[in-house]
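Colleague: sequence first, predicted model second:
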Amino acid sequence: MNDPSEARDPGAANLSFARALIGGLRATGLDTAIVCPGSRSTPLALAVALETGLRHSVHLDERSAAFFALGHAKATARPVALICTSGTAGANFLPAVAEACHSRVPLVVLTADRPPELRAWGAAQTMEQRTLYAGFTRWSEEAPCPAPGDDLATYARALARRAVDAATGPAPGPVHLNLPFREPLVPAAVAWPGSPAVPAASAASPTGGDLSDPSGVIDRELRDVARGVLLFGPDARDDSLATAAASLAAKLGWPVLADPASGLRCGEALDGALIHGADLLLRDADTAAALRPELIVRFGGAPTSRAISGWLESHAAAEVWLVDPAAGYRDPQHRATRMFRASPRQFATLVAGGRRPPSSPALDWRAEWLHADGAAREALAAALDAEPRFLTPQLARALWSALPDGATLYAANSMAIRELDAFAGPRSASMRLLANRGVNGIDGLVSAALGASAALGRPTVLWCGDLALLHDVSGLLAGRLQGIDLTIVVSNDDGGGIFEYLPVAQAVPRATFERLFAVPHGLELAPLARGLGWEAVRVDSAVAFTQALSSALVGGRHVIEVPVDRAANTAFHGLLTNSVRARLRAERRS
């Protein structure tokens, strides 16, 4: 890579530095790069194309590209390089970088820049980029501007190693390298070999920190608690966690509450401990009060369910232990009384070792949860079956049960993830559920799901609302240009349906609510998708939906639009909550 021409050619120096940097990233095991076209980033783009074994794709829209990279990295738990030119291009990465920060997704963001002498002097496409992602990165650095005669290859490779190390630490997240280049950006001629083959990736993802309990203190403390709960929030996937969590739950005799994005809501490992209807049964104030815990051991991020969060708040005397490999204090209620720096699997494996039978009071406590859960789910099923219309609760149930073993479901924020939390019952077949629960935005979801699909190479479905799809129309274009298979299920309730469940819906006149919050658009989305090269259908029944989903999962790019009457849907949610509440109260009287 050291070329004598670098001593006199700035372009050769730029390309040499870029190739050393990209080669250094590849040497760490990073095997995927997302490139946005641009001039100032030419050395980086060429270096990516020249790097043997580095897969890459080119995306027109920087915001879409960033979410594509996010979805890819989230699905694989491996860092992805994200590259753009100077100016506002990098600013369009910010929403995805923020999400990656808060959901602990490893990204290596490379923003090309003008050289320092052009900043603050009115040069075109020049702005302050060094602090673009301040507060959202695990580490950031600006490299020196390559110049003829400099020997920066060793530094560039070290910079790459440090970037990946920071991005994949105990709390994975984004790293930002700002990379200034002077013109000419590349040499007049670039030696171009044939297209190299891309080998399969083999580097392992990082693990969490250490935890030891040689004297068994933690074990004894937990076994002395009868009314304990294991609460798993959104977190990075760990295929071996379910078995470890099941062993821990069996030893303690405690119930398990698991967010849909925890990775624990599918499979049979936690049968007899997992509470599927926690969101619904804890909406009943009397049940929530009766299920008074002594200790909650929390893993992962904050739960999606407001009912679970409200239950935690209402029992202020209960202890809360946080288990987090990065000691990240993901504790918005400021309730944690102890912190353990360990991965959920490490904690569960350590404490479950040397299993003894759980105490009778603990088993009685879990039986109380399981009885309430069974009653809640029976009431829910009866109410769902009695409703002839195909509304979002039925859609959640149908989607959850119809996806094949090993499929990936990307659930949008606002309503989709909440519908699954409330209405998705037991499922023995495996499924990977992904969701952007870091900062919980609705932006970039089509692009993120495309990234996950490209990474995993398995049937992938995105469930989102109409506004989330409209927010990322450029993702539809990206899917067509990249040729990636994806099925999008879009529940179209003509606006922001989640606002119907907030106090503002009753606090202001209806016309004001519609104009300021619901924002109806009056659009059918299937024709829009067809115009961007996707197959698209509109269905309004469970039978038609299941048929359309089965056809779509054969392959290709599909949109299945489900029209939803927003007012009827809101009323039906209230009916379901009341049905569960009535059944739970009847159970308490019997």
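Modeller: Received the coordinates, thanks.

Colleague: and the strands in the stretch 351-500 of the chain?
Modeller: 407-411, 431-434, 460-465, 486-492 (DSSP state E, counting those that start in this stretch).

Colleague: mind listing the strands the first one pairs with, and their directions?
Modeller: Sheet neighbours of strand 407-411, with direction, are listed as strand 431-434 (parallel), strand 460-465 (parallel) (DSSP bridges).

Colleague: leaving aside the residues adjacent along the chain, what's closest to Gly23?
Modeller: The spatial neighbour of Gly23 that comes closest, neighbours along the chain excluded (C-beta to C-beta, 6 or more residues apart in numbering), is Glu51 at 6.1 Å. Glycine gets a C-beta too; all of them are placed from N, C-alpha and C.

Colleague: if we can go back for a sec, Ala342: which of the strands of the stretch 351-500 of the chain is closest?
Modeller: Proximity to Ala342 (C-beta to C-beta) singles out strand 431-434 among the strands of the stretch 351-500 of the chain, at 23.3 Å.

Colleague: please list the residues outside that closest one that contact it.
Modeller: 71, 74-75, 237, 260-261, 263, 265-266, 403, 405-411, 420, 448-449, 452, 456 (C-beta atoms under 8 Å, 6 or more residues apart in numbering).

Colleague: if we can go back for a sec, of the strands paired with strand 407-411, flag the one that's most buried.
Modeller: Of all the strands paired with strand 407-411, strand 460-465 has the most neighbours on average by mean count of other C-beta atoms under 10 Å, namely a mean of 27.

Colleague: what mean pLDDT does that one get?
Modeller: The average pLDDT within strand 460-465 is 98.

Colleague: stretch 551-560 too?
Modeller: Rounded mean pLDDT across stretch 551-560 is 97.

Colleague: before we move on, the earlier item: quick one: the strands paired with strand 407-411 as a markdown table, columns for distance to Ala33 too.
Modeller: Shown next, in a markdown table, are the strands paired with strand 407-411 (distance: least, C-beta to C-beta, whole Å):
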| stretch | distance to Ala33 |
| --- | --- |
| strand 431-434 | 21 |
| strand 460-465 | 21 |
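
Colleague: quick one on the thing from earlier: quick check: the residue nearest to Gly23 vs Pro234, distance?
Modeller: 33 Å (C-beta to C-beta, to the nearest Å).

Colleague: higher neighbour count, these two?
Modeller: Pro234 (25 against 19; other C-beta atoms under 10 Å).

Colleague: surely that one and Ala435 touch.
Modeller: Yes. Here Pro234 reaches Ala435: they are 6.4 Å apart, a contact under C-beta atoms under 8 Å.

Colleague: overlap in contacts, those two.
Modeller: Taking C-beta under 8 Å, 6+ apart as the contact rule, Pro234 and Ala435 both touch 261, 304.

Colleague: so where's this protein shaky on pLDDT?
Modeller: Applying pLDDT under 70 to the chain flags the ranges 1-7, 194-217, 354-355.

Colleague: can you pull the contacts of Trp139?
Modeller: Going by C-beta under 8 Å, 6+ apart, Trp139 touches 162-163, 166-167, 175-176.

Colleague: please repeat the previous calculation with a cut-off of 10 Å.
Modeller: 162-163, 165-167, 169, 173-177 (C-beta atoms under 10 Å, 6 or more residues apart in numbering).

Colleague: now Arg161
Modeller: By C-beta under 10 Å, 6+ apart, Arg161 lies in contact with 24-25, 27-28.
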